[in-house]
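Asker: Model the following, please.
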Amino acid sequence: MSGEDEVLVVNNEEDSLLQASGTNDYSSALSIATGDSESEIKSVSENDHQEGDTSRLRGRLTLVFVAFLYGTLNVSLRMLYALPGPPSASVLSTVRGWLAAAAFIPLISQMKAELSAIKIDNEINVKSKRVSLRLAALELAFWNFGAQGLLNVGLLFTDATRAAFFTQTSVVITPLLSLIAGQKVSGSVGVGCIAALAGLVLLSESGGPSDGASTSGAHFSLSLSGGDLIVLAGALSWSMYIFRMSNIGERYPEISLQGVKLVMLACLYSSWFLCSAIRCYFDGGWSIIADLWQGWADWKAWALLAFSAVGPGALADVMQQQGQKEVSASEANVILCGEPVFTTILARVILGEQSSGTETAGGALIIIAALLASR
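Answerer: Reported below is the predicted structural model:
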């Protein structure tokens, strides 16, 4: 393009700008045009900000409901154990695991669509990505298996409120795992660990359901029952689940990963049940195996199992994923710490369990520790 053509184009653009602005001064026209653009940008920015606030509020409310669902789990399992002939921990976990996996059947078409749309860097084939997803799901299922299985066993020896409070220590354990892995952890985590230790001491000093172990000869004892220790082991496993999820979860579609994980988790529970059944068979034959769940015909037991699988199981998993799309992981962790609060309220209203002042104070300290560690 020649110099004359360039000048002609510029003049045409100036004439168009003057006509659009309704003024004969080019500087004024440019100012008007720029002002209109800034106004449009500001309007779009305000709309995006409002939509972002609405999305975050929706995410927070979703996670509050998830915390409520998690709070119902301990109570519903405690109610199940109170029924005549309750299932053993292996039977309970197996049945609940398959019911939770079955709840994803309506999502099979969505899972297939996610798997078909899988893309990966450097154009690695889809088959390899699917194998990688299954391996990731297996690892998560392993840690989830330890967390839920140990909680189910621990509830045989401790009440729902204490189990919920001890489970929350996972929020303090998780940053410690990060330190071991060489990741940077803020100073507030140290304060949170101290607060958690104080809360554990208060909870243990209040005593707990005895499992027959004597601690009278100890010079210093936290007075933790066997059930408390089992639940704490479950908290450690849950921390490993959260720690690994932070590294794995972003690489795979959420529904597909959770759906495959639940199937593998149910398989792990089935292996546990199979080992228990074989041991019972050699101890006393088929009659002993039947004792693993004497009250299997009670519809109330099935109703509680179905609720625990669909509510604080599959539904909570899906809703937590939805909520965390709008809220940061740290904030989501803080919101989910409301679980023991809901558990305490439900245990008091439904089960009639009473919490001592010491237990309440200890639980409050653990929740404060969780808040500090999640900052």
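Asker: Met79 against Ala347, yeah?
Answerer: No: Met79 lies out of contact with Ala347 (Cβ atoms under 8 Å); the separation is 9.9 Å. Any C-beta I mention is one placed from the backbone N, CA and C, and that applies to glycine too.
Asker: These two: which has the busier surroundings?
Answerer: Higher neighbour count among Met79 and Ala347: Ala347, with 25 against 21, using other Cβ atoms under 10 Å.
Asker: surely that one meets Val75?
Answerer: Yes: the criterion here is Cβ under 8 Å, and Ala347 meets it with Val75 at 5.5 Å.
Asker: any low-confidence regions in the stretch 101-250 of the chain?
Answerer: Scanning the stretch 101-250 of the chain for pLDDT under 70 picks out the ranges 117-129, 160-161, 164-165, 168, 171, 183-194, 196-197, 200-223, 249-250.
Asker: And the strands in it, which stretches?
Answerer: With DSSP state E, counting those that start in this stretch as the definition, the stretch 101-250 of the chain shows no strands.
Asker: Pull the number of nearby residues for the residue nearest to Thr158 when sequence neighbours are not counted.
Answerer: Distance criterion Cβ to Cβ, 6 or more residues apart in numbering; nearest residue to Thr158, sequence neighbours excluded, is Gly227 at 3.3 Å. By other Cβ under 10 Å, the residues close to Gly227 number 22.
Asker: where along the stretch 101-250 of the chain do the helices fall?
Answerer: The residue ranges that make up the helices of the stretch 101-250 of the chain, judged by DSSP state H, counting those that start in this stretch, are 108-116, 126-154, 160-167, 170-180, 187-205, 226-248.
Asker: Mind listing what's buried along the last one?
Answerer: When burial is assessed from 16 or more other Cβ atoms under 10 Å, helix 226-248 yields the following buried residues: 226-245, 248.
Asker: residues of the helix or strand just after that helix that come out buried?
Answerer: Counting by DSSP states H and E, the next helix or strand C-terminal to helix 226-248 is helix 254-284. Residues of helix 254-284 classed as buried by neighbour count (16+ other Cβ under 10 Å): 254-270, 272-273, 276-277, 280.
Asker: Isn't the residue nearest to Thr158 up against Leu151?
Answerer: No: applying Cβ under 8 Å, one finds Gly227 not in contact with Leu151, separated by 10.0 Å.
Asker: hey, what's in contact with both of the two?
Answerer: Common neighbours of Gly227 and Leu151, using Cβ atoms under 8 Å, 6 or more residues apart in numbering, are Ala163.
Asker: check contacts around the closest residue to Leu229 other than its chain neighbours.
Answerer: Spatial nearest neighbour of Leu229, chain neighbours left out: Gly154 (8.0 Å); criterion: Cβ to Cβ, 6+ apart. With contact set as Cβ under 8 Å, 6+ apart, Gly154 has these partners: 163, 227-231, 234.
Asker: One more pass at 6 Å, please.
Answerer: 163, 227, 230-231 (Cβ atoms under 6 Å, 6 or more residues apart in numbering).
Asker: now the residues you listed in CSV, with distance to Ile367?
Answerer: Supplementary listing: those in CSV, determined by distance: Cβ to Cβ, whole Å:
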residue, distance to Ile367
Ala163, 15
Gly227, 20
Ile230, 21
Val231, 16
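Asker: what two of those have the greatest distance between them?
Answerer: Spanning the widest gap among those are Ala163 and Ile230, at 9.2 Å by Cβ to Cβ.
Asker: Quick check: Tyr81 vs Leu92, distance?
Answerer: Distance of Tyr81 to Leu92, given as Cβ to Cβ, to the nearest Å: 9 Å.
Asker: about what we covered before: buried deepest among the helices of the stretch 101-250 of the chain, which one?
Answerer: helix 160-167 (a mean of 28; mean count of other Cβ atoms under 10 Å).
Asker: before we move on, back to that, got a markdown table for the helices of the stretch 101-250 of the chain, with distance to Pro86 too?
Answerer: Shown next, in a markdown table, are the helices of the stretch 101-250 of the chain (distance: least, Cβ to Cβ, whole Å):
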| stretch | distance to Pro86 |
| --- | --- |
| helix 108-116 | 32 |
| helix 126-154 | 11 |
| helix 160-167 | 14 |
| helix 170-180 | 26 |
| helix 187-205 | 25 |
| helix 226-248 | 15 |
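Asker: And these: which comes nearest Gly338?
Answerer: Comparing the helices of the stretch 101-250 of the chain under Cβ to Cβ, the one sitting nearest is helix 160-167, at 10.5 Å.
Asker: my guess is Asp317 contacts Gln258, does it?
Answerer: Yes: using Cβ atoms under 6 Å, Asp317 is in contact with Gln258, at 5.1 Å.
Asker: what mean pLDDT does stretch 352-372 have?
Answerer: The pLDDT scores in stretch 352-372 average 73.
Asker: Out of the contacts of Gly154, which is nearest to Leu179?
Answerer: Nearest to Leu179 among these, counting by Cβ to Cβ, is Val231 at 23.1 Å.
Asker: List the contacts of the closest one.
Answerer: Neighbours of Val231 in contact, by Cβ under 6 Å, 6+ apart: 154, 163, 166.
Asker: now do 8 Å
Answerer: 150-151, 154-155, 158, 162-163, 166-167.
Asker: swap in Thr94?
Answerer: So Thr94 contacts 266, 269-270, 272-273 (Cβ under 8 Å, 6+ apart).
Asker: pLDDT wise, what is Asp5 at?
Answerer: 51.
Asker: Good, we can wrap up now.
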